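[1] Sequence first, predicted model second:
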Amino acid sequence: MLRLNKKNHFLSIGVLVIVLSLFLFSETQAAVSSKIKQVKTKDSPTVYYLDHGVNRKKAYFNSTSYLSYGNKWSDIKVISAAELNTWPEAKLFKTKDSPAIYYIQGAKRVLILNMTDLQDFSLSQEPIITVNSTDLNQYQLASYEEIGLRRVSNLLVFNDLVSNQNNNIFLTNTGGNLAAIFRFRSPTETATITALTLNLKGVYNSNVLETAFVSDADGNNYDANVSLNNGARQIFISFKEPLVFNSGEEKTIEVFLSFKTCACNDQTIGLELTQASDINSSLPVTGNFPLTGTSFKLISGSGILSQVKTQEQTLVGSNLAINSGTRLIGKFTISEESGNEEASIKRIVFRNNGSAFEDDWEDFRLLNNGQLIARDTTGDSHDNIIFNINYLRVADNDPAQLTVLASLKADYRPTATFNLQISGLWGVGQLSNFSLQPTINNLEESYNLN
């Protein structure tokens, strides 16, 4: 800091007299004009630079720092201490020729080693002031420990914008639309989250929102109860098991929305974490609230989207025993009803409502017109059979005829039953690239494995 006194040897007494004679001692009482950038108070020799763009002040370390910018002593204006105190201290600095960021405190500077450290020290929202190298070099280089930087014992939360997601447009009668991304990090100790409350923003018809779900950054769905309160315009997320963050670990929560059919256009919708109390966490939550996500335009998908319909076919009269170890367990038709676009089917989830389980069968195969298109070797623990499909397109007047086969295990129970039904389907319009809301029609038919 520029301290005009003998102790710091910044200015001789003679120069001090000249400098002080050039100060404008008419103390500024009103808000400082954007034209005024070099200031001091009448009771202190410290001279500050005011950055009006980010509302921060920086004290000059000494006269060398001050003069290195080409400043003149006559540029300094005297303002009140009360006015100066309304300006927060700048903390982060860099030079225009280097990406390196420094934290300055007192006479010392410390190099920020990575962007994660900014988050851990609760500095990620601080503006970064550009200074020249002469000014920066006046400060002694120090370590995090020497300068007193400590990682916070809080759960940090950030949001990322969902950029270029279908040009920030959602269509009605679509599902699985990525609407918001929130990142959570616990810098120093283990933390848990049990629930979130998300607020829906925008001007939209409340009844158009149908469902929501959450996943991680890799697309794995979290095991959570997600409920909508359309009246309050909120989404409640309750994790069935607490979401655990180990020390230094970061996790992402992505929020997806599905919409009903609605003759509505030119509406907007987005998600927001409004305040820290919206997050039920074992640690205090720190973030730049409100954390407002991307705003999307919501328009009607009528006349644009593919309309996918599934219909289970009866197994009455079919030969279920393909051979001694294989059974036919389902027949389904998938058709495209609109003629607007082809549909690309990415995943189909079947659920068995019978008594057969993993000890009875395995190696589930999905065939289209007799050709194998997907396989699930085990099924999951919830009696689901999941087929991820590389290629299955359905066009108007060209439905897919699907059959599902299963291999019996050596000690299967002949009296175990199956009642296979489609519980979920993910399809994408080939032209619109939107996830579709299928119409699913199942039958209630139960059969023994023998």
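    That came through fine. Note that the structure is a prediction, hence the values are computed from the model and not measured.
[2] what about the chain, any weak spots by pLDDT?
    Filtered on pLDDT under 70, the chain yields the residue ranges 1-30, 164-165, 379-382.
[3] Quick check: beta-bridge partners of the spatially most central residue of it?
    Closest to where the C-alpha atoms of the chain average out (C-alpha atoms, centre = their mean) is Ile181, at 1.5 Å. Per DSSP bridges, the residues bridged to Ile181 are Asp160, Glu254.
[4] ok, so what distance separates it from Gln105?
    33 Å (C-beta to C-beta, to the nearest Å). Bear in mind the C-beta positions are built from the backbone N, C-alpha and C, glycine included.
[5] residue ranges of the helices in this protein, please?
    Per DSSP state H, the chain carries helices over the ranges 13-22, 63-67, 81-84, 115-120, 133-136, 144-147.
[6] in the fifth one, what's buried?
    In other words, helix 133-136. 135-136 (16 or more other C-beta atoms under 10 Å).
[7] what does it rub up against?
    Here helix 133-136 makes contact (C-beta atoms under 8 Å, 6 or more residues apart in numbering) with 60-61, 64-65, 68-69, 93, 95, 97, 102, 109.
[8] got a markdown table for those residues, with neighbour count too?
    Formatted as a markdown table, these follow (neighbours: other C-beta atoms under 10 Å):
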| residue | neighbour count |
| --- | --- |
| Tyr60 | 24 |
| Phe61 | 23 |
| Thr64 | 14 |
| Ser65 | 25 |
| Ser68 | 18 |
| Tyr69 | 15 |
| Phe93 | 19 |
| Thr95 | 16 |
| Asp97 | 9 |
| Tyr102 | 20 |
| Arg109 | 19 |
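[9] Give me the neighbour count for the closest residue to Asn265 other than its chain neighbours.
    Excluding the flanking residues, the one nearest Asn265 by C-beta to C-beta, 6 or more residues apart in numbering is Ile299, at 4.8 Å. By other C-beta atoms under 10 Å, 16 other residues sit near Ile299.
[10] what's near enough to touch Ile299?
    By C-beta under 8 Å, 6+ apart, the neighbours of Ile299 are 169-172, 264-267.
[11] Among these, name the buried ones.
    The neighbour-count criterion (16+ other C-beta under 10 Å) marks 170-172, 267 among the contacts of Ile299 as buried.
[12] any idea which of the residues you listed is the one closest to Gly219?
    The nearest member of those to Gly219, counting by C-beta to C-beta, is Phe170 at 19.0 Å.
[13] What residues are bridge-paired with the closest one?
    Assigned bridge partners for Phe170, using DSSP bridges, are Leu298.
[14] Verify the contact between Asn71 and Ser63 for me.
    No - applying C-beta atoms under 8 Å, one finds Asn71 not in contact with Ser63, separated by 9.9 Å.
[15] Which segments of this protein make up each domain?
    Here the domain parsing of the chain from automatic domain parsing is 13-147, 155-299, 308-448.
[16] hang on, the earlier thing: how near is the residue nearest to Asn265 to Gln430?
    Using C-beta to C-beta, Ile299 is found at 19 Å from Gln430.
[17] Report the separation between the nearest residue to Ser34 once chain neighbours are set aside and Ser74.
    Distances taken as C-beta to C-beta, 6+ apart place His52 nearest to Ser34, at 4.7 Å, with adjacent residues excluded. Distance of His52 to Ser74, given as C-beta to C-beta: 20 Å.
[18] re earlier: among the contacts of Ile299, which one lies nearest to Leu257?
    Nearest to Leu257 among the contacts of Ile299 is Phe170, at 7.3 Å by C-beta to C-beta.
[19] burial count for the closest residue to Phe357 other than its chain neighbours?
    Computed as C-beta to C-beta, 6+ apart, the closest residue to Phe357 that is not its neighbour in sequence is Asp383, at 6.4 Å. Using other C-beta under 10 Å, Asp383 is surrounded by 17 other residues.
[20] mind listing what Asp383 touches?
    By C-beta under 8 Å, 6+ apart, the residues touching Asp383 are 351-352, 357.
[21] I'd like the distance from the residue nearest to Asn265 to Thr439, if you could.
    For Ile299 relative to Thr439 (C-beta to C-beta), the value is 21 Å.
[22] ok, back up a step: tell me how many other residues surround the residue nearest to Ser34.
    Neighbours around His52, by other C-beta under 10 Å: 13.
[23] what about it, distance to Phe61?
    21 Å.
[24] what number of residues lie near the residue nearest to Asp363 when sequence neighbours are not counted?
    Computed as C-beta to C-beta, 6+ apart, the closest residue to Asp363 that is not its neighbour in sequence is Ser407, at 4.1 Å. Neighbourhood size, Ser407 [other C-beta under 10 Å]: 16.
[25] Could you number the chain from 41 rather than 1 from now on?
    Noted, 41 is the first residue going forward, which turns the last one into Ser447.
[26] I'd say Ser447 and Asp416 touch.
    No - here Ser447 does not reach Asp416: they are 11.3 Å apart, not a contact under C-beta under 8 Å.
[27] Now do the contacts for Asp451.
    Contacts of Asp451 by C-beta under 8 Å, 6+ apart are Asp399.
[28] Give me the phi and psi angles of it.
    phi -110, psi 40 (degrees, to the nearest 10).
[29] So it versus Trp401, what's the distance?
    11 Å.
[30] now Arg223
    Arg223 is 41 Å from Trp401, by C-beta to C-beta.
[31] With neighbour numbers in mind, choose between the two.
    Trp401 (26 against 18).
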